[in-house]
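1. Give me a model of this one.
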Amino acid sequence: LFTKATGCMANRQIARDLNVAPETINRHLARLGRHCFLFHTRMMRHAKPPKRVAIDGFVTFELSQYFPFHHHVAVEKDTDFFLYFTDSEVRRSGTMTTKQKRRRIELEQDLGRPDPSAVRKDVAELLKVSVGSQPEITIYSDNHKAYPRAIQDIKLDCQHHITSSRD
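-> Numbering: from 1, shown residues only. Here you go, the predicted model:
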């Protein structure tokens, strides 16, 4: 089940392949996820604090394009070990038709508007957890505007190396 899921098979596809109900797959994958999370937490208790950390993020959607999320990850640069992750709900942006703009306003009136500082705050949390009380750290990232502000927020003494996302 684990290799099928990490190999990008959809849950329904796995269920058909194994001749079980899709809910069985959902339940077992949730359990596997909890075990992975516990294993990661245990490993982090005994891990040496990282000296060099790479941070990055990507955007995906929940339900529809009206609900974009930024997912942020911190990885130890020398080992590729995932240290921590956070996600931030953000406001839909980009080119929209008049109808789409009206729909966004309706949804925000019903559900609230996402915090405009969410990315900065969540990246600050990502760094706090990943770096801990390290006296010196080197951070590698792209040129996302929230990253320098997040570093300032947690008053982290570090070298920040920026690589253009175009490179």
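
2. Against Arg31, how distant is Ile14?
-> 14 Å (C-beta to C-beta, to the nearest Å). Glycine gets a C-beta too; all of them are placed from N, C-alpha and C.

3. the more surrounded of those two?
-> Between Ile14 and Arg31, counting by other C-beta atoms under 10 Å, Ile14 is the more crowded of the two (20 against 11).

4. What residues are bridge-paired with the most centrally placed residue in the chain?
-> Geometric centre of the chain, nearest residue: His71, 2.6 Å, by C-alpha atoms, centre = their mean. In this entry, His71 is beta-bridged to Phe58, Asp87, by DSSP bridges.

5. Provide the backbone phi and psi angles at Glu89.
-> Taking degrees, to the nearest 10, you get phi -80, psi 130 for the backbone angles of Glu89.

6. need the contact list for it.
-> Going by C-beta atoms under 8 Å, 6 or more residues apart in numbering, Glu89 touches Phe67, Pro68, Phe69, Pro114, Asp115, Ala118.

7. try Ala47
-> With C-beta under 8 Å, 6+ apart, Ala47 has these contacts: Phe81.

8. and Met58, how many residues sit next to it?
-> Careful, residue 58 is Phe; it's not Met. Neighbours of Phe58 (other C-beta under 10 Å): 9.

9. got it, and Pro68?
-> Counted by other C-beta under 10 Å, the residues lying close to Pro68 total 18.

10. thinking again about what came up before, write the ChimeraX selection for whichever of the contacts of Glu89 are buried.
-> Buried residues among these (16 or more other C-beta atoms under 10 Å), as a ChimeraX selection:
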select :67,68,69,114,118
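
11. Dihedrals phi and psi, the residue lying closest to Arg12 once chain neighbours are set aside?
-> If the residues on either side of it in the chain are set aside, Arg12 comes closest to Pro22, at 5.1 Å by C-beta to C-beta, 6 or more residues apart in numbering. Recorded main-chain torsions at Pro22 are phi -60, psi -30, according to degrees, to the nearest 10.

12. need the contact list for Pro22.
-> Counted by C-beta under 8 Å, 6+ apart, Pro22 has contacts Asn11, Arg12, Ala15.

13. Restricted to strands, list these.
-> Using DSSP state E, no member of these sits in strands.
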